[in-house]
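Trainee: Next come a sequence and a model predicted from it.
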Amino acid sequence: MPIVKPPAPALMDKTTSVDKPAPIDEAAQIDKITPIPSPVQTEEPVAVSELPVVSTKKITLDASELFDFGEPILRPSARAELDGFIEKLKDTNPQAIKVIGHTDRFGSAHYNQILSEQRAATVKAYLVRRGVSPDIVLTEGKGDTQPITIKDQCPGNKTPKTIECLQPDRRVEIEMTGTKIGP
């Protein structure tokens, strides 16, 4: 079979004329441009309300003010402490309240865990009786796992002096997250 070569491209000679575009009449183009009218404001701008500010408040209550040593039952004097917290809730819209119970190192880890959970539950029950929604109150017991006192600060056995020294470890913390109401 013979091999066929494609035809060579035609060369343009210098004498071939190429159509050039017609010149643009700039003055005619400017006359055709029409200005866009400015927007007309027909309504007053809508005021944007400020977004509510979410804040977290944390208070620490002395367990010796709330409970007798080794007990989960509220003392009568504890009501004033908790009522003070409830009063602070009046200018907020609480979304979550976390009640965390803590104990000192005396007693077994199991005993302290249960005691801290019972104390947190007792505080929750009081808040609920005073009108706080039970759906937003969570409780947690930490036992003796998060002491405030440092090791060797309160050496010794269960003596009145050591019990008094470890008092900061016996506490209930309340963390509230919510938005402020009003100005």
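Mentor: Thanks, I have the structure now. Numbering: from 1, shown residues only.

Trainee: any chance you could map the helices in the chain?
Mentor: 26-32, 63-66, 78-88, 109-129, 160-165 (DSSP state H).

Trainee: Quick check: which ranges of the chain have low pLDDT?
Mentor: 1-35, 39-42, 45-52, 182-183 (pLDDT under 70).

Trainee: Apply 80 and report the result again.
Mentor: Residues of the chain meeting the criterion pLDDT under 80: 1-55, 57, 181-183.

Trainee: what's the neighbour count on residue 79?
Mentor: Neighbourhood size, residue 79 [other Cβ atoms under 10 Å]: 14. C-beta here means a position set from N, CA and C on the backbone, and glycine is covered the same way.

Trainee: Hmm, it is touching residue 126, no?
Mentor: Yes. Using Cβ atoms under 8 Å, residue 79 makes contact with residue 126 at a distance of 7.4 Å.

Trainee: Mind checking the helices of the chain for the one nearest to residue 179?
Mentor: Closest to residue 179 of the helices of the chain, according to Cβ to Cβ: helix 78-88, at 13.8 Å.

Trainee: helices or strands up against that closest one?
Mentor: strand 54-62, helix 63-66, helix 109-129 (3 or more Cβ pairs under 8 Å, 6 or more residues apart in numbering; DSSP states H and E).

Trainee: buried set for it?
Mentor: 78, 81-82, 85 (16 or more other Cβ atoms under 10 Å).

Trainee: Save the helices and strands packed on helix 78-88 as a markdown table, and put in mean neighbour count too.
Mentor: What follows is the helices and strands packed on helix 78-88, written out as a markdown table (neighbours: other Cβ atoms under 10 Å):
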| stretch | mean neighbour count |
| --- | --- |
| strand 54-62 | 14 |
| helix 63-66 | 20 |
| helix 109-129 | 19 |
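
Trainee: Using a markdown table, lay out those together with distance to residue 171.
Mentor: Shown next, in a markdown table, are those (distance: least, Cβ to Cβ, whole Å):
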| stretch | distance to residue 171 |
| --- | --- |
| strand 54-62 | 5 |
| helix 63-66 | 5 |
| helix 109-129 | 9 |
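
Trainee: quick one: which of these is nearest residue 162?
Mentor: helix 63-66 (14.0 Å).

Trainee: Just give me how far the closest one sits from the chain centre.
Mentor: Relative to its chain's centre, helix 63-66 lies at 29 Å (Cα atoms, centre = their mean, to the nearest Å).

Trainee: what do you get for stretch 73-92?
Mentor: 24 Å.
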